[in-house]
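Asker: The amino acid sequence is not available; the structure is as follows:
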Ligand SMILES: Nc1ncnc2c1ncn2[C@@H]1O[C@H](COP(=O)(O)OP(=O)(O)OP(=O)(O)O)[C@@H](O)[C@H]1O
């Protein structure tokens, strides 16, 4: 996937250039990792206790929206505990055999990272229960009535699973993680630190007020912060004069306007969703599938990317009957709500 295919504020997608760029910017230790203080403290304790007892750290589940640092934390677990890391993902494990091949080739103490673990095949999930608990799997040999199961011992390992949808994991799998870290959206002050660090590593001199402006528009998400910073650097290079290594508030505003990211961080898809709720459905409630069809987007993207952000900034609320626009939403879009009009009519 190239940069051109990427929706700038969708944290779920990353181009190849971006992945290389992210790799260079990733914090390598818990002390370099900005924000998520609670999770960092919990993880530090877990890793230190394991090191003191010279055992593999407990299995860890990282739950939270995309782009908040789950992959980065998995890498930090391996780095801080001095263990090798194997990376895989749920969609790549479509049969129990795929997982058996990975598990049986782990070296002692290895950290196995499975991204999007909720998308793994059910048969593989069941194999994982025994593997996580007893470091053992049963391999089926033969077919039909003659099939037998052969036990296979595994090297002890630490599983780090990442999911954007913790609720989709079956309880027996969730229960086998020694610790679940719930990652939260970042505060603006934390995003300022992420951006300042990234700009420094890029050799890009960005004014403090320009950093603040980007931090306010990146939806609480480091991946988007870094992505907007790259676009601002492009803008500075082309329009900034000099050697393009400096950006001020003006160039940040101009660059983000060009890319259609508004002062709240809303992009075209967010605005389309809000317009549907406000104008076509009079503020809601609107069901998820109706919304998805109306804007021509996958229901999963609306649910995992658009909705958590709109709820977080107070533009919609979720009710059992669907999504409802708040008073702030009507105000932000400069519209008057039907209920306000009805009240006025009643005066
Ligand atoms: N706490 C942080 N401090 C500094 N940079 C961060 C932090 N968290 C994430 N980043 C940066 O944001 C980018 C995305 O992080 P990462 O790939 O770890 O997210 P993720 O949650 O695994 O996303 P996905 O679920 O889509 O894989 C990386 O470039 C990383 O450098």
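Answerer: That came through, no problem. Everything quoted here is computed from the prediction, not taken from an experiment.
Asker: How about the residues of the stretch 51-200 of the chain by the ligand?
Answerer: 66-72, 115, 162, 194 (Cβ under 6 Å from any ligand atom). Using the backbone N, CA and C atoms, a C-beta is placed for each residue, glycine as well.
Asker: Of those, which belong to strands?
Answerer: Those of those mapping onto strands are 115, 162, per DSSP state E.
Asker: Which of the residues of the stretch 51-200 of the chain next to the ligand fall within helices?
Answerer: The helices, defined by DSSP state H, take in 70-72, 194 from those.
Asker: per-residue pLDDT, the residue nearest the centre of the chain?
Answerer: Closest residue to the average C-alpha location of the chain: residue 66 at 1.3 Å, with Cα atoms, centre = their mean. Residue 66 carries a pLDDT value of 87.
Asker: if we can go back for a sec, now the ones in helices among the residues of the stretch 51-200 of the chain next to the ligand: which count as buried?
Answerer: 70-72, 194 (16 or more other Cβ atoms under 10 Å).
Asker: Surely residue 326 touches residue 318?
Answerer: No - taking contacts as Cβ atoms under 8 Å, residue 326 lies outside contact range of residue 318: 11.3 Å.
Asker: Can you pick out the residue with more neighbours from these two?
Answerer: residue 326 (18 against 15; other Cβ atoms under 10 Å).
Asker: Low-confidence regions, this structure specifically.
Answerer: Within the chain, the segments meeting pLDDT under 70 span 1-15, 18, 20-21, 241-242, 339-347.
Asker: Skipping its backbone neighbours, what lies nearest residue 216 in space?
Answerer: Take residue 216 and drop its neighbours on the chain: the residue closest to it by Cβ to Cβ, 6 or more residues apart in numbering is residue 188, 5.9 Å away.
Asker: Quick one: neighbours of the one you found, just the number.
Answerer: 13.
Asker: go on, residue 170?
Answerer: Neighbours of residue 170 (other Cβ under 10 Å): 12.
Asker: So in this protein, which helix runs the longest?
Answerer: The chain, longest helix under DSSP H: helix 222-239.
Asker: measure the residue nearest to residue 216 to the ligand for me?
Answerer: 14 Å (Cβ to the nearest ligand atom, to the nearest Å).
Asker: OK, contacts around the closest residue to residue 111 other than its chain neighbours?
Answerer: Nearest residue to residue 111, sequence neighbours excluded (Cβ to Cβ, 6+ apart): residue 78, at 4.1 Å. Neighbour list for residue 78: 84-85, 111, 113 [criterion: Cβ atoms under 8 Å, 6 or more residues apart in numbering].
Asker: so who does the residue in the stretch 51-200 of the chain positioned nearest to the ligand touch?
Answerer: Relative to the ligand, the nearest point of the stretch 51-200 of the chain is residue 69 (2.8 Å; Cβ to the nearest ligand atom). By Cβ under 8 Å, 6+ apart, the contact set of residue 69 is 33, 36, 183, 222.
Asker: can you rerun that using 10 Å?
Answerer: By Cβ atoms under 10 Å, 6 or more residues apart in numbering, the residues touching residue 69 are 26-27, 33-36, 39, 62, 75-76, 162, 181, 183, 186, 194, 221-223.
Asker: In PyMOL, how would I select the buried members of these?
Answerer: The PyMOL selection below is limited to those of these classed as buried (16+ other Cβ under 10 Å):
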select buried, resi 27+33+34+35+36+39+62+75+76+162+181+183+186+194+221+222+223
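Asker: taking the contacts of residue 69 one by one, which sit in strands?
Answerer: Using DSSP E, these in strands are 62, 162, 181.
Asker: Am I right that residue 137 sits in a helix?
Answerer: No - using DSSP: H, G, I helix; E, B strand; the rest coil, the secondary structure at residue 137 is strand, not a helix.
Asker: which residues touch it?
Answerer: Contacts for residue 137 (Cβ under 10 Å, 6+ apart) come out as 96, 99-100, 103-104, 127-131, 149-154.
Asker: if I pick residue 298, what's in contact with it?
Answerer: Residues counted as contacts of residue 298 (Cβ under 10 Å, 6+ apart) are 292, 304-305.
Asker: tell me the phi and psi of it?
Answerer: phi -70, psi 140 (degrees, to the nearest 10).
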